[in-house]
Every structure is written in structure tokens, then in C-alpha cells.
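Asker: Using only what follows, build the 3D model:
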Amino acid sequence: MTGPKLFACVSVFANCAAGSQLKVGHELESSTIEIQAVSMKLGANDVVLIDTPGFDDTSRSQAEILQLIAEFLRRTYSEDKLLTGIIYLHDISSNRIAQSDLGSYRLFRKLCGDAAMTNVVIATTMWDDVDQQLGANRLQELQDDFFKDAYDRGVPIMRHDNTRQSAHRILSRLLGKDGTRCDIQYEMVDEGKSVENTAAGKELLHQFDEFEDTHGKQLRAAQDSLEPIPSRNGLRDGSGGTEEGADVRELRIALEQVRQELRRVQDERDKLRQTLGQDLTAHIKRLMLCICPI
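Answerer: Predicted coordinates:
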């Protein structure tokens with residue numbers, strides 16, 4: 001493979017490494033989803049850092065993010081451009097692993113597959129926001145539990161202190177590796193699968209199933225609780241009707257929130273089955289010309 005060495009990361013890391021000013025998650029318009037790239041030199045090597053949105057980006061749906069990343073990876077693989085490295089960030093200051101963290105990592109693992117993990121570095125961030133001993137304890141816990149499968153495969157879990165020197169040290173760890181093929185690239189190009197039928201797509205659908213099962217139970221429980229409450233807790237208004245108490249109103253609000261979340265997940269399912277829009281497809285084509293000029 002000729003040309004620059006390609007690294008996938010998020011914009012925060014890319015900006016730190018290259019001194020660039022790529023837009024960061026919340027700075028993008030809510031209706032905008034895109035992949036950005038910046039070129040830099042690392043020693044004698046030409047490097048391109050590709051900002052791939054994280055699955056925990058709350059401003060965009062997971063289905064849209066997976067569709068975009070999958071299409072970009074499909075095109076790079078089709079043009080014989082492989083990733084030299086993938087940087088996965090984890091906030092060391094978090095005092096617990098949230099369900100969203102677990103879901104994001106599961107998606108990441110399915111997207112990469114086992115073979116591509118040899119080209120991954122897990123970089124821990126936000127060390128300034130945590131006591132150093134506590135951070136060291138959490139790092140050990142990550143190696144022993146949350147990231148154990150990756151760590152046992154030789155994936156380094158490194159400290160990133162938000163300096164350019166630190167970012168370059170992490171990139172250098174992967175610089176000498178051969179380019180790697182992610183599972184989702186093989187599935188889409190060599191096996192001709194749609195995104196929803198890849199391992200990553202199935203994982204996301206499985207997470208939707210889990211979400212709907214949990215919130216569906218909450219919805220049914222709330223509906224069952226709602227029926228008898230007005231007669232027990234309601235107050236008579238001036239017309240002889242029943243005025244809802246505060247607990248009933250709160251329950252109705254909670255009920256509507258659950259319904260909205262279930263509608264959101266259904267919308268995500270629909271998006272996963274759709275093909276990428278023309279605007280985003282054109283955006284990826286332009287990006288390919290920038291990072292891999294003919």
C-alpha cells in the first residue's frame with residue numbers, strides 16, 4: 001500500500017496531534033454528520049488523521065454514525081487503502097462504566113473484528129480530572145475487566161495527557177504496522193452485505209432489542225399503575241370531575257418520555273436499513289480525493 005498512513009480517531013485527538021481545528025462533536029450543527037481529515041508529518045512519515053465520529057456522540061444517531069463509518073471504510077477498502085491505526089479513547093475520570101460505554105465498545109469490537117485489533121491503541125484521557133492513584137487503579141480495572149479481551153490480545157492501553165507529545169507517542173506505537181482490514185470492510189466488499197447484516201449492524205439491532213425490551217416493560221408497568229391512581233389520589237374539581245394529583249402528572253410525563261424513547265429507537269432501526277444519502281456519499285468521495293489523491 002502506497003500513500004500516507006491512515007489513522008482513525010476522533011477530532012479531539014486529531015486536533016491535539018496535528019494542531020488542527022477540526023470541529024468537535026457539539027460544535028457541528030445537530031443536522032450535520034460528517035467525517036473530517038487532517039494531514040500531518042510524523043517523523044519522515046506522511047500521516048492522515050481521519051475523524052470518525054464516536055458511537056457515543058449524542059448529537060447524532062448511532063445508526064447514522066454506523067452508516068457513515070461503514071460507507072467510508074467500504075470505499076477505502078475498495079480502493080486498497082487500509083488503516084494503519086485506530087485510536088479508541090476512554091475517559092479515565094468516569095467513576096463507572098455506563099451502559100452507553102459498554103454499547104459503544106461492543107459496536108467498536110464488532111466493526112473491527114479480532115484481526116484489526118492488532119492495529120488499535122486504547123488511549124485513556126482526562127487524567128487532569130482524577131487523582132493519579134485513583135486513575136492508576138481504574139486503569140488496572142480496565143485491563144482486568146472492561147477492556148480485558150483487547151488487552152489479552154496485546155492491545156496497548158496508553159495514557160494520553162492531551163499534549164501533542166503524548167498524541168505522537170500513541171501514533172508512533174502503531175506507525176510501523178502494516179495496514180489492516182476491519183471485519184465490516186470484508187463483510188461489505190467481499191461478501192456484499194448491507195450495513196444492517198454485518199456483525200456491527202446486527203450488534204446495533206441487538207442493542208435496540210435490549211432497549212425496547214427494558215423500556216417496553218417500563219411502559220407496561222407505568223400504564224398498569226396509571227389506571228387506579230386517579231380514583232385514589234385525585235381531587236374533586238369545581239365541576240365534580242377529578243383533578244389529577246402531582247404523582248399522576250409525574251407518571252404521565254414519565255410515560256410519555258418512555259414512548260418517545262421507543263419511537264426514537266424505531267426511527268434508528270429505519271435509518272440503519274436506509275442507504276446513505278447522496279450528500280453524504282458525495283462528501284465521502286470528496287474526502288477520498290483529499291486523503292488519497294490520484
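
Asker: where does the stretch 1-150 of the chain have low pLDDT?
Answerer: Residue ranges of the stretch 1-150 of the chain with pLDDT under 70: 1-2, 23-33, 57-59.

Asker: Now do the helices in it.
Answerer: Along the stretch 1-150 of the chain, the stretches classed as helices by DSSP state H, counting those that start in this stretch are 11-18, 62-78, 99-116, 132-141, 148-152.

Asker: CA atoms of the helix or strand containing residue 168 as PDB?
Answerer: Assessed by DSSP states H and E, residue 168 sits inside helix 164-175. Listed next in PDB are the C-alpha coordinates belonging to helix 164-175 (Å, rounded to 0.1, in the frame of the first residue of the first chain):
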ATOM      1  CA  ARG A 164       1.000  16.800  21.200                       C
ATOM      2  CA  GLN A 165       3.900  14.800  22.500                       C
ATOM      3  CA  SER A 166       1.500  12.300  24.100                       C
ATOM      4  CA  ALA A 167      -0.600  12.000  20.900                       C
ATOM      5  CA  HIS A 168       2.600  11.500  18.800                       C
ATOM      6  CA  ARG A 169       3.800   8.800  21.200                       C
ATOM      7  CA  ILE A 170       0.500   7.000  20.800                       C
ATOM      8  CA  LEU A 171       0.600   7.300  17.000                       C
ATOM      9  CA  SER A 172       4.200   6.100  16.900                       C
ATOM     10  CA  ARG A 173       3.200   2.900  18.700                       C
ATOM     11  CA  LEU A 174       1.300   1.900  15.500                       C
ATOM     12  CA  LEU A 175       3.300   3.700  12.900                       C
END
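
Asker: Flag every buried residue along that helix.
Answerer: Applying a neighbour-count criterion of 16 or more other C-beta atoms under 10 Å, one finds 166-171, 174 buried in helix 164-175. The C-beta positions use only the backbone N, C-alpha and C, and glycine is treated the same way.

Asker: Pipe the residues you listed into JSON lines and attach pLDDT per row.
Answerer: As requested, those are arranged in JSON lines below (pLDDT from 0 to 100):
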{"residue": "166", "pLDDT": "97"}
{"residue": "167", "pLDDT": "97"}
{"residue": "168", "pLDDT": "97"}
{"residue": "169", "pLDDT": "97"}
{"residue": "170", "pLDDT": "97"}
{"residue": "171", "pLDDT": "97"}
{"residue": "174", "pLDDT": "96"}
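
Asker: Roughly how far does the most centrally placed residue in the chain sit from residue 111?
Answerer: Among the residues of the chain, residue 55 comes closest to the average C-alpha position under C-alpha atoms, centre = their mean, at 1.3 Å. Residue 55 sits 9 Å away from residue 111, going by C-beta to C-beta, to the nearest Å.

Asker: ok, now residue 173?
Answerer: For residue 173, the distance to residue 111 equals 21 Å [C-beta to C-beta].

Asker: likewise residue 49?
Answerer: To residue 111, residue 49 is 18 Å away according to C-beta to C-beta.

Asker: repeat for residue 284
Answerer: Residue 284 is 16 Å from residue 111, where distance means C-beta to C-beta.

Asker: Mind checking which of these two has more residues around it?
Answerer: Set side by side, residue 284 and residue 111 show unequal neighbour counts under other C-beta atoms under 10 Å, the larger going to residue 111 at 26 against 17.

Asker: ok now do that one, which residues does it touch?
Answerer: With C-beta atoms under 8 Å, 6 or more residues apart in numbering as the criterion, the residues that contact residue 111 are 66, 69-70, 182-184, 198-200.
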